[in-house]
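1. Model the structure of this input:
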Amino acid sequence: MAVTVFKPEEQNTSQAPTLGIGSGTFGANAQQRKNIAQGGSGRFTNLQQYVQANEANNPNAQLLQREATARQGELGTRQQEFVKQAEPIKSGFESIRSGQQFVQSALQDPTAIVQDPKNIQRFAGYRTQGIGDIETPFNQLQSARGMLGTQQEQLASGLETIQRDPNALQNYLQSQRANPSLATRGENVLDRFLTQSTESGQKALTELGTTAGAIRGSQAPSIVGDIETLRTQAQGKPLSSSDVGNLLTAKITPEEEYIRNINKLYVAQNVGLGAELQPDTIQYSNNILQTPIINYNRPEDLGTATQSSIDYAKNQYERYNNFINQKNSIDNSIRENERELDRANKSIVDMYDIGGAIRKAQVEEQLRGNIENLQKQKENVFKQASGIDVSKVPAYQEYLNRIGKTRQELLSEYDPTRLSRIQALQQLAGTNQFNSLLSGGIQ
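-> Residues are numbered from 1 along each chain as shown. Have a look, this model is predicted:
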């Protein structure tokens, strides 16, 4: 409360009654108080008696107490008004913080976020319009907080002015009369004197200072701290559309690079070429008719595929296929000669046809010789095949089957989780920038 101080000489005495006839603050009631020496006119004989009569129940002290209470109430009202102004700011900051957390979650696990179309739409809004502004509303809060501080100071200084300045005290007491303009200068001075001279009045004046200190020291509503915390949490995190775009780009760029690097070496690595393998080789056996047992073991640790490992696998693959082709060709020839020998054995020759018997014996001997030569050839083929790294054969065959596929097909086979994340990032970006990369083949 601001107090306007009027000097006593400015009092309009022509409109006020005479002191002590009952029209002032205390004149009407003073005649009813105890231990007061009264004259026939109702006036007190001296000021000391007047002070004593009002010592126990000083109405002016009560006025000052009510004033202190009223100013405290007014502070509460101003604080409530401030809180009403701050609540939308706090809600806005909470919305911004929620938006930042959503964006961070979306970029952390885009595959999960895009399952709900509403999430894609929400992210698009942040990407194009930003998440929010924290400085403008915070400046508005600071302005409102400054206004509240000014109001606190006005309320506190108003009470302190009444407490310290006799003229301000006198003006305040006059303002509390039913008809302030009718009070005489003497009545106003007497009101002030009574307040300053009685114990209850002095106590009330002291309480004005105490209340002023409490009002001045009153802390800002807790909502200020809540908003400051939210602002601190929001700082350094995405706010503008460019902030969101930069974070999205930071996620997309390495994925684009990863897709571009999907090549033949990538396929070789995933099919097992280039890994450190314990070769499962064909071992020569004295029994040339025994087919070797070949186990195709996939390595657990693929390692880093290199072109030299691909070339090595190709060589083993071609050697193995050549071995199989030669072996199968010899086996077919052996079976054909065995069938011919069986037919020759079963053929019937007239016992008197000595020439036919000789020819039959010659054919059988020729066929047995053929079979023996073929078995020796097969033995040589097995010897030549000794040391072939058979484990590379199925890996290289798989390699040949995969290098003709698109990058998207390869990712769907070898890294479906990454493919889903890439496609989700594309949805969040609202573009088709990955399509051409994914649909392309490898080199």
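2. use CA for all of it now, contacts and neighbours both
-> Will do.
3. what's around the residue lying closest to residue 323 once chain neighbours are set aside, how many residues?
-> Among residues not flanking residue 323 along the chain, residue 385 sits closest, at 6.2 Å (Cα to Cα, 6 or more residues apart in numbering). Neighbours of residue 385 under the rule other Cα atoms under 10 Å: 20.
4. Next, residue 385: phi, psi?
-> When quoted as degrees, to the nearest 10, the phi and psi of residue 385 stand at phi -80, psi -10.
5. any idea which helix is longest in the protein?
-> Of all the elements of type helix in the chain, the one with the most residues (DSSP state H) is helix 59-108.
6. In terms of secondary structure, what does that helix contact?
-> In this structure, helix 59-108 makes packing contacts with helix 110-113, helix 135-164, helix 185-197, helix 199-216, helix 223-234, helix 241-260, judged by 3 or more Cα pairs under 8 Å, 6 or more residues apart in numbering; DSSP states H and E.
7. mind listing what's buried in the second one?
-> Read it as helix 135-164. Judged by neighbour count using 16 or more other Cα atoms under 10 Å, the buried positions of helix 135-164 are 137-138, 141, 144-145, 148-149, 151-163.
8. what packs against the helix or strand just after it?
-> Following helix 135-164 in sequence order, the next helix or strand is helix 166-175 (DSSP states H and E). Secondary-structure packing of helix 166-175 (3+ Cα pairs under 8 Å, 6+ apart): helix 135-164, helix 185-197.
9. Correct me if wrong: residue 256 contacts residue 438.
-> No - taking contacts as Cα atoms under 8 Å, residue 256 lies outside contact range of residue 438: 9.5 Å.
10. where does the stretch 1-150 of the chain have low pLDDT?
-> Within the stretch 1-150 of the chain, the ranges that satisfy pLDDT under 70 run 1-47, 49-51, 53-57.
11. pretty sure residue 370 is touching residue 336, no?
-> No - Residue 370 lies out of contact with residue 336 (Cα under 8 Å); the separation is 10.2 Å.
12. ok, the residue nearest to residue 323 touching residue 320?
-> Yes - taking Cα under 8 Å as the definition, residue 385 is a contact partner of residue 320 at 7.2 Å.
13. picking up where we left off before, show me the one of the helices and strands packed on helix 166-175 that comes nearest residue 212.
-> helix 135-164 (4.1 Å; Cα to Cα).
14. chain center to that closest one, what's the gap?
-> Distance of helix 135-164 from its chain centroid, counting by Cα atoms, centre = their mean, to the nearest Å, is 37 Å.
15. Just give the closest residue to residue 433, not the sequence neighbours.
-> residue 426 (7.0 Å).
16. Go through the host helix or strand of that neighbour and flag the buried ones.
-> Using DSSP H and E, residue 426 sits within helix 416-429. For helix 416-429, the neighbour count (16+ other Cα under 10 Å) marks 419, 420, 421, 422, 423, 424, 425, 426, 427, 428, 429 as buried.
17. And for stretch 332-348?
-> Neighbour count says stretch 332-348 has 333, 334, 337, 338, 340, 341 buried, by 16+ other Cα under 10 Å.
18. Could you do stretch 82-89 as well?
-> Residues of stretch 82-89 classed as buried: 82, 83, 86, 89 (neighbour count, 16+ other Cα under 10 Å).
19. With stretch 385-397 instead?
-> Using 16+ other Cα under 10 Å as the test for burial, stretch 385-397 gives 385, 386, 388, 389, 390, 391, 392, 393, 394, 395, 396.
20. ok, so of those residues, who is nearest residue 70?
-> Ranked by distance to residue 70 (Cα to Cα), the buried residues of stretch 385-397 are led by residue 395 at 90.5 Å.
21. measure the closest one to residue 316 for me?
-> Separation of residue 395 from residue 316 (Cα to Cα, to the nearest Å): 11 Å.
22. can you check residue 202 too?
-> Distance of residue 202 to residue 316, given as Cα to Cα: 111 Å.
23. Tell me which of the two has more neighbours.
-> Just comparing residue 202 and residue 316: by other Cα under 10 Å the higher neighbour count belongs to residue 316, 21 against 16.
24. State the helix or strand in which the more buried one lies.
-> Assigned by DSSP H and E, residue 316 belongs to helix 307-346.
25. Ok, residue 273 next?
-> Following DSSP H and E, one finds residue 273 outside all helices and strands.
26. Please verify my assumption that it contacts residue 394.
-> No - in this structure, residue 273 is not within contact of residue 394 by Cα under 8 Å, at 10.1 Å.
27. Report the buried residues of the next helix or strand after the helix holding residue 426.
-> Per DSSP H and E, the first helix or strand lying C-terminal to helix 416-429 is helix 435-439. Buried residues in helix 435-439, counted by 16+ other Cα under 10 Å: 437, 438.
28. which other residues reach helix 435-439?
-> By Cα atoms under 8 Å, 6 or more residues apart in numbering, the residues outside helix 435-439 that reach it are 256, 259, 260, 406, 407, 408.
29. quick check, nearest of those residues to residue 168?
-> Nearest to residue 168 among the contacts of helix 435-439, with distances taken as Cα to Cα, is residue 256, at 78.1 Å.
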